[in-house]
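K.L.:
Give me a model of this one.
(6 chains)
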Number of protein chains: 4
Amino acid sequence: MATASTRAARVDRRAQILRAAKQAFSQKGFHSASVSDIIERAGIARGTFYLYFESKRDVFDKLLEELLAELRACIRPIDLAPGSPQPVEQLKGNIMRVQELVLREPELFQLLLHQARGLDAQSAALVHAFYQRVLDLIERSLEHGMRIGLIRPCNPAIISSCILGTVKEVAGWLIAQGQPPPDREALVDEILNFGLRGLLAR
Amino acid sequence: MATASTRAARVDRRAQILRAAKQAFSQKGFHSASVSDIIERAGIARGTFYLYFESKRDVFDKLLEELLAELRACIRPIDLAPGSPQPVEQLKGNIMRVQELVLREPELFQLLLHQARGLDAQSAALVHAFYQRVLDLIERSLEHGMRIGLIRPCNPAIISSCILGTVKEVAGWLIAQGQPPPDREALVDEILNFGLRGLLAR
Amino acid sequence: MATASTRAARVDRRAQILRAAKQAFSQKGFHSASVSDIIERAGIARGTFYLYFESKRDVFDKLLEELLAELRACIRPIDLAPGSPQPVEQLKGNIMRVQELVLREPELFQLLLHQARGLDAQSAALVHAFYQRVLDLIERSLEHGMRIGLIRPCNPAIISSCILGTVKEVAGWLIAQGQPPPDREALVDEILNFGLRGLLAR
Amino acid sequence: MATASTRAARVDRRAQILRAAKQAFSQKGFHSASVSDIIERAGIARGTFYLYFESKRDVFDKLLEELLAELRACIRPIDLAPGSPQPVEQLKGNIMRVQELVLREPELFQLLLHQARGLDAQSAALVHAFYQRVLDLIERSLEHGMRIGLIRPCNPAIISSCILGTVKEVAGWLIAQGQPPPDREALVDEILNFGLRGLLAR
DNA sequence: CATGAATGAGGATTCATTCAT
DNA sequence: TATGAATGAATCCTCATTCAT
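P.N.:
Next up is the predicted model:
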């Protein structure tokens, strides 16, 4: 069936271009990476690029949206229904999943952390909206935690910022390391302990 | 004294251009802001710009370096000598000073947080080096704190990342608010409490 | 007969593409109309287009040549042999036939009047040659008319231009109307009267 | 005065570019003439072109508008007030002035006659509006002439088209000659006689 | 010092045409 | 024959930087 194989080929090409663009953007940044950089990496002709994407910006957006979608899938609201895992375990799961994604897609995270906000109003808004959703999620979890006495009284708006900042910075650190940490679980525990127990000795 | 007044004029012009560039860059981003944007804002001729700065990039670097220098001045190592203020007070002082700077120079922080890392290898390195110094400082403080039993045992490399992330994200949040918070001290206490005591209720 | 039906199919395809191109060119102009426009209208694949025509330019030329051929057929030299219709009637016949063609193929005339001359040297030459033939025909008729005393003495080169201009402009006007005139005969009479008797009251 | 000489230089540059564009467009047509063609002819850098015109299209429009403005100035309504020159003389004046312009600016007329209508909706509209104004002027003159018994009864809408077509075609013919006619007055008389008295011998 | 006209390298995008299937 | 994915030359336009005045 010509259609099936053709469709498969189309998907492959697209993926190939996305891969090349991911590399180019994360190495040179959106502006310095030219369409030539992308097509050379992908080994395709100039026109082919525009067969699959509307513009250089379009590829970038697609990469970003792809990552944000995967990120969303990593982050699950804490479920306090009886029979669910311990809240701390669920928290740990969220962070573990995000870090797995970070390690699987370091280039995309590079883009998210260092490029997307600086591009223009549109992508800034896209990213902002995403973080806002995450902040909301954290805030609501904190409020719920406070209500049931699990979390000490605090200002959820500020604290959710602290938590997001922590996760983002550790993500950046992980990428900078260039290699996965020897013990991911210990890493996540360290972060969790920081957030839950703080640093003071008792 | 012709020289003196001339020199003073030179300094003024320079400052005027830096001001204009600060606005232009923070509103449009480094790439979208053109030299035209800057000179129009500054009310000077195109050629004059290049009498004071080598390139568009140069102004950006100068702005960044200026901010980094001011930031450095805000952050003082914890002094545990007898007679010094309480370590927690010194910590608080650091954060307070950083936040004052954030509120005084929101545009520059915008650049630092959202533009500088994405520009190119050079500025990425500059910013990275700065953050690395801050991380080192925190790490050494943590190690010292652990040695004297003030801080519980932890992995200083990871935790310093967490702390830096927290401060950065709250800085971004402050800028996004668009206005200074009603009670800065409470804000800083909230952050400190998060870092020191964590979130769990006892 | 496979060959016959195949040949018939070929002819149909060709005509179908010509039709689509005619629409596309007259709506958007030669340059703005893309091969995509044509094949979409024709409902064929990109490659198929090039099975029937050598290039985008080729279709245009074929359309133009088709029109010029039909136009040529409309214009018949005035026959002064005894037994022929009145010269004025023959003149009228020429103009009537041209106008019928204009009304039948307004799109092609659009191309002839507004596109063909502006394309490049080649089509300019093609069109120029056609008009030159028409001018020659008119000139010879005028000269003959003068010889037999039907036409007053005049400069045939200039007057033939005037006549051609009249016919062209009225053709353009007809197309712009968007609909056939209520009384074609009156229209042609008006033109003929203009050319034969002029505008002055006696 | 720097300003004065600067302004003069600006005007010169602009004129220089307009000249180069006029040549390029009339030789190759709007589409085939590239900005490179224009700047090479003008002996300027690419960027300089865009210092004086917004786009390639912009220069074309400016050329066209310039010509239309000059054309408008050539065409003056017939003034029937007592003491004015004879109507026929005024008519003759109009045609003479138009032809002088044609001979002075053959390239611009080339653009008007063969390029402008085929470019796009915008310039088509510009040109159409101009011709419409001319047609209106002729129509009103005809109606007036009929009222005062100078012109025989006719359909002004059609006849004004005939007249416009005559003038346009003769203009095109003049340009094609490549050189001014030996006796311009005789040429104009020929045209006028055609329009006023027609071709029939008495 | 100041000016701003001129420069030209660089980059994104289009689209007629080809060719393997 | 028919298809449509791939090609890459061609083109317009931007903008950081220079330099003669």
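
K.L.:
mind checking which helix or strand of chain A has the lowest mean pLDDT?
P.N.:
Among the helical and strand segments of chain A, the one scoring lowest on mean pLDDT, DSSP states H and E is helix A:2-28, with a mean of 85.

K.L.:
Name the nearest residue to A:Leu192, sequence neighbours excluded.
P.N.:
A:Lys92 (6.0 Å; CB to CB, 6 or more residues apart in numbering or on different chains). Placement of C-beta: from N, CA and C, glycine included.

K.L.:
again with A:Val170
P.N.:
Sequence neighbours aside, B:Ser161 is the residue nearest to A:Val170 in space, at 5.2 Å (criterion: CB to CB, 6+ apart).

K.L.:
follow-up on the earlier one: other SSEs contacting the helix or strand just after the least confident helix or strand of chain A?
P.N.:
Counting by DSSP states H and E, the element after helix A:2-28 in chain order, helix or strand, is helix A:35-42. Judged by 3 or more CB pairs under 8 Å, 6 or more residues apart in numbering or on different chains; DSSP states H and E, helix A:35-42 is in contact with helix A:2-28, helix A:46-52, helix A:56-74.

K.L.:
Next, the buried residues of the longest one.
P.N.:
Along helix A:2-28, the positions that meet the burial threshold by neighbour count (16 or more other CB atoms under 10 Å in any protein chain shown) are A:13, A:16-18, A:20-26.

K.L.:
what do you get for the shortest one?
P.N.:
By 16+ other CB under 10 Å, the buried positions in helix A:46-52 come out as A:49, A:52.

K.L.:
which secondary structure elements does that helix contact?
P.N.:
helix A:2-28, helix A:35-42.

K.L.:
repeat that with 10 Å
P.N.:
With contacts defined as 3 or more CB pairs under 10 Å, 6 or more residues apart in numbering or on different chains; DSSP states H and E, the packing partners of helix A:46-52 are helix A:2-28, helix A:35-42, helix A:56-74.

K.L.:
where does A:Asn155 land on pLDDT?
P.N.:
A:Asn155 carries a pLDDT value of 96.

K.L.:
gap between it and B:Ser26?
P.N.:
Separation of A:Asn155 from B:Ser26 (CB to CB, to the nearest Å) stands at 28 Å.

K.L.:
any weak-confidence spans in chain A?
P.N.:
For chain A, the stretches flagged by pLDDT under 70 are A:1-7.

K.L.:
ok, now with 50
P.N.:
Residue ranges of chain A with pLDDT under 50: A:1-2.

K.L.:
tell me the centre residue of it?
P.N.:
Among the residues of chain A, the one closest to the centroid is A:Leu71, at 4.7 Å (CA atoms, centre = their mean).

K.L.:
what's the neighbour count on A:Gln90?
P.N.:
A count of nearby residues for A:Gln90, using other CB atoms under 10 Å in any protein chain shown, gives 16.

K.L.:
Make sure I have this right: it is in a helix.
P.N.:
Yes: assessed with DSSP: H, G, I helix; E, B strand; the rest coil, A:Gln90 lies in a helix.

K.L.:
Assess the claim that it and A:Leu80 are in contact.
P.N.:
Yes: A:Gln90 is within contact range of A:Leu80, at 9.0 Å (criterion: CB atoms under 10 Å).

K.L.:
overlap in contacts of those two?
P.N.:
Overlap of the contact sets of A:Gln90 and A:Leu80 (by CB atoms under 10 Å, 6 or more residues apart in numbering or on different chains) consists of A:Ser141.

K.L.:
The residue in chain A that DNA strand F sits nearest to and chain D, how far apart?
P.N.:
The nearest approach of chain A to DNA strand F comes at A:Gly47, 1.5 Å away (CB to the nearest atom of the strand). According to CB to the nearest CB, to the nearest Å, A:Gly47 and chain D sit 20 Å apart.

K.L.:
so that residue sits right up against A:Ile39, yeah?
P.N.:
Yes: counting by CB under 10 Å, A:Gly47 touches A:Ile39, with 9.3 Å between them.

K.L.:
ok so, going back, could you list every residue that touches the residue of chain A closest to DNA strand F?
P.N.:
By CB under 10 Å, 6+ apart, the residues touching A:Gly47 are A:Ile39.

K.L.:
What residues does chain A have near DNA strand F?
P.N.:
A:6, A:9-10, A:13, A:44-48, A:50-52 (CB under 7 Å from any atom of the strand).

K.L.:
Kindly recompute the last result at 6 Å.
P.N.:
Residues of chain A found near DNA strand F (CB under 6 Å from any atom of the strand) are A:6, A:9, A:13, A:44-48, A:51.

K.L.:
biggest separation within the residues you listed, which pair?
P.N.:
Spanning the widest gap among the residues of chain A next to DNA strand F are A:Thr6 and A:Arg46, at 21.8 Å by CB to CB.

K.L.:
For chain A, what lies in contact range of chain C?
P.N.:
Counting by CB under 10 Å from any CB of the partner chain, no residue of chain A lies close to chain C.

K.L.:
Quick one: residues contacting the closest residue to A:Glu169 other than its chain neighbours.
P.N.:
The shortest distance from A:Glu169 to any non-neighbouring residue, by CB to CB, 6+ apart, is to B:Gly165 (2.5 Å). Listed by CB under 10 Å, 6+ apart, the contact set of B:Gly165 reads A:162-173, A:191.

K.L.:
run the last query once more with 8 Å
P.N.:
B:Gly165 makes contact with A:165-170, A:172, according to CB atoms under 8 Å, 6 or more residues apart in numbering or on different chains.

K.L.:
Kindly report the same for A:Ser26.
P.N.:
A:106-108, A:110-111.

K.L.:
And for A:Gly195?
P.N.:
A:163, A:166, B:162, B:194, B:198-199 are the contacts of A:Gly195 under CB under 8 Å, 6+ apart.

K.L.:
and the contacts of B:Gly165, which of them are in helices?
P.N.:
Among the contacts of B:Gly165, the members found in helices (DSSP state H) are A:165-170, A:172.

K.L.:
quick one: the helix or strand hosting A:Ala125 to helix A:56-74, angle?
P.N.:
A:Ala125 is part of helix A:121-147 when elements are defined by DSSP H and E. On the basis of axes from the mean of the first three to the mean of the last three CA atoms, to 10 degrees, helix A:121-147 is oriented at 10 degrees to helix A:56-74.
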